[in-house]
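J.: Need the 3D shape of this:
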Amino acid sequence: MRVAIIGQQEFGKAVLEAFLARGDEVAGVFCAPEKPGARPDPLRLAAAEKGLRLYQFPSYSAAEAQEALRALAVDIGIMAYVLLFAPQAFVTIPKHGTIQFHPSLLPRHRGPSSINWPIAMGRSKTGLTIFRPTDGLDEGPVVLQKEVAIGPDDTLGTVYFDKIFPAGVAALLEAADLVLAGKAQETIQDESQASYEGWFRDAEARINWANSVEIVYNLIRAANPAPGAWTTVGGEKLQIFDARKRIARTFGEVRGKKIGQVVEAGPKSFTVLAGGGFIEVLRCRRGDGKKVAANEAGITAGTMLGS
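T.: Prediction:
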């Protein structure tokens, strides 16, 4: 098939390489312009290295972007991690339209941080959806879905890189084949089941140690590796990455201790009291420093966090 890849970053690059590897013709690649000082987009670099037609329009609503896609005369458009809005005037240009990847089981978890939120909410599964983009945010008909388990100790990194990323690349290939063969069963999303969450950023990643240890641990997992769940120590920001949780089995374990207090500092970690249990911190970062093993952070027993 003759395709246009519309995407960004490592996921867009992987999708590009997957279509090329099986012999499809990539007529052109569209990716967002890089901001000044930003790291080079891996998709842009890959397209340039392979000598493909490359376009970096600041808007897909612009007439020149639509004219460029129309001139390519592709069978299908493949949207692989796209943050720019793509209107119907753009996505309907290919002969068989366009399909888009979204890393959740739509209509649940629409929005830009759809992997973080299911983990933060303590869900045991999520997934990915290939759908037809419309002018509504993640609202188009579903072409196919793949379910992904969220293990009790999975993080944003493991859910995305180990599970959703490879499954998403394969799903885009599968969905493109179904569409071109006329075998795609497109299903309208059930709006009664829809949810939307905004960006999972620094404000959302702040730890409240008075929350239950389950909520705190889920937040840490959902923010690892980015944006990094955080608290404060002596007025300085302290980000927490790798951690373990332990439920308090008796009242005696927490008697005399304060919420947010470092109750133990060992040779490899330090442990903090949260609601009903403990968070053992294994890797963290203080202020503008580097990520370090917890025992290198200079956190001693008795220290209060978050105050």
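
J.: tell me the contacts of the residue at minimal distance from the centre of the chain?
T.: The C-alpha lying nearest the average C-alpha coordinate of the chain belongs to I115 (C-alpha atoms, centre = their mean; 4.6 Å). Shown in contact with I115 (C-beta atoms under 8 Å, 6 or more residues apart in numbering): P103, S104, T126, L156, V159, Y160, I164. The C-beta positions use only the backbone N, C-alpha and C, and glycine is treated the same way.

J.: Just the ones of these in helices?
T.: L156 (DSSP state H).

J.: Pull the most distant pair out of the contacts of I115.
T.: Spatially, the most separated pair among those is S104 and L156, at 12.9 Å (C-beta to C-beta).

J.: out of these two, which sits in the more crowded spot?
T.: S104 (24 against 21; other C-beta atoms under 10 Å).

J.: That one contacts R110, doesn't it?
T.: Yes: counting by C-beta atoms under 8 Å, S104 does reach R110; the two are 7.4 Å apart.

J.: Helices of the stretch 1-150 of the chain, residue ranges please.
T.: With DSSP state H, counting those that start in this stretch as the criterion, the stretch 1-150 of the chain has helices at 9-21, 42-49, 63-72, 88-91, 116-120.

J.: how about those in CSV, adding mean neighbour count and mean pLDDT?
T.: Compiled in CSV, those are given as follows (neighbours: other C-beta atoms under 10 Å; pLDDT from 0 to 100):
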stretch, mean neighbour count, mean pLDDT
helix 9-21, 20, 98
helix 42-49, 18, 98
helix 63-72, 16, 98
helix 88-91, 19, 98
helix 116-120, 24, 98
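
J.: could you measure the residue nearest to the centre of the chain against V263, distance?
T.: Going from I115 to V263 by C-beta to C-beta, to the nearest Å gives 32 Å.

J.: The spatially closest residue to S212 that is not a sequence neighbour: neighbouring residues, count only.
T.: Distance criterion C-beta to C-beta, 6 or more residues apart in numbering; nearest residue to S212, sequence neighbours excluded, is G275 at 4.4 Å. Number of residues near G275 (other C-beta under 10 Å) recorded here: 16.
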